[in-house]
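[1] What follows is a predicted protein model with its sequence.
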Amino acid sequence: MLPLAITDVSLTCVNDSAIFYHVPAKLIISVLQVEQGRIGKIIKNSNGTYDIGPMGVNSLWLPELKKRGISEQAIQSDPCQNVRVGTWILSKKLAARENLAQGIGDYNSRHAPFNQRYYERIRINYTKVTLLLNDPSH
C-alpha cells in the first residue's frame, strides 16, 4: 500500500475524476494534500467565503453547482462528489490559462502572490508523489 497522505477519499474516486476530466491523478492528489480538507469539514476564509471538504471547494462555486444539480450537502458529505467537483473546477482553471503554473494557482486564487505560493506548494507535493510512485520498493 502506498503511504499517500490523503484521507476520506479513495484512489478510485481520484482515478475516475482524473480520467473523466483529463487531469493527472497525481495533480489531484497534490491538491488534496495541500487543501487537507476532510469530509464534513468547512474551513472559513478571511474573505468571507469558506472551503468545503477534501478538495477545499470554495463556496463561491455553490450557485454554479446548484444550477448543475449539485448541493452543498453533497460536496460536504460525499468524498467522490467532492473530488469530482474539485477536479472539474481545476480542469476549468487549467483550460482558462496558457500558463500551467498559473492555472494550477488559480484553483486557490488569481491574485498573483497567492497564486504563485499555492502553485509552489502543489509543485512540491506533485514532486513527492511522483518520487513515491517511482520508488520500486513500493
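    Arrived safely, thanks for sending. Numbers count the residues shown, from 1 in each chain.

[2] in whichever strand or helix holds Glu64, what's buried?
    Using DSSP states H and E, Glu64 sits in helix 62-67. For helix 62-67, burial by neighbour count (16 or more other Cβ atoms under 10 Å) applies to Leu62, Leu65. The C-beta positions use only the backbone N, C-alpha and C, and glycine is treated the same way.

[3] Quick check: which helices or strands does it pack against?
    helix 72-77 (3 or more Cβ pairs under 8 Å, 6 or more residues apart in numbering; DSSP states H and E).

[4] Put the alpha carbons of the helix it packs on into CSV.
    What follows is helix 72-77, C-alpha atoms only, in CSV (Å, rounded to 0.1, in the frame of the first residue of the first chain):
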residue,chain,number,x,y,z
GLU,A,72,-23.5,21.9,-0.8
GLN,A,73,-24.5,18.9,1.3
ALA,A,74,-23.4,16.5,-1.5
ILE,A,75,-19.9,18.0,-1.8
GLN,A,76,-19.6,18.3,2.0
SER,A,77,-20.6,14.7,2.8
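
[5] Before I go, just wanted to say thanks for your time.
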